[in-house]
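Trainee: take this sequence and fold it.
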Amino acid sequence: QVQVVESGGGLVQTGDSLRLSCAASGRPINSYSMAWFRQGSGKEREFVAAIGTSESRIVTADAVKGRFIVSRDNTKNTVYLQMNSLKPEDAAVYYCAVDPYRAQPLMLESVYTYWGQGTEVTVSS
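Mentor: Numbers count the residues shown, from 1 in each chain. Here you go, the predicted structure:
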């Protein structure tokens, strides 16, 4: 089993940057795909970005493409989400998720087995 804990959320202004971290424990994540999802107030949870076992395998949602970058450091068992040019619509609770079965990252929420508790990002206009 894998446990993940997100951190790095906070209150920022429009246009600011923020980096979220997802620290995993229990098992090495080097053979797992990892993803970030988010859920805004009153909205359904949505896919943000995912990274496969190879850093060349990355999938990013259109809403954040060109602004958000997902990366991983297997030596630290950690995945990151660098968020640039933040907008008020990016405000949400951000969740880290683990797919222990696939090397290729997918956008489907249902394939992710382990989830963190989330970290909240607030963007003021």
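
Trainee: and the residue nearest the centre of the chain?
Mentor: For the chain, the residue nearest the mean C-alpha position is Trp36 (2.3 Å; CA atoms, centre = their mean).

Trainee: where does that residue fall, secondary structure wise?
Mentor: Assigning secondary structure by DSSP states H and E places Trp36 in strand 33-39.

Trainee: sheet partners, orientation included, of that strand?
Mentor: When pairs are called by DSSP bridges, strand 33-39 turns out to pair with strand 46-51 (antiparallel), strand 92-99 (antiparallel).

Trainee: just checking, Leu20 touches Gly10?
Mentor: No: the pair formed by Leu20 and Gly10 falls short of the contact definition of CB atoms under 8 Å, at 9.7 Å. Yep, even glycine has a C-beta here, placed from its N, CA and C like the rest.

Trainee: intersection of neighbour lists for these two?
Mentor: Common neighbours of Leu20 and Gly10, using CB atoms under 8 Å, 6 or more residues apart in numbering, are Val121.
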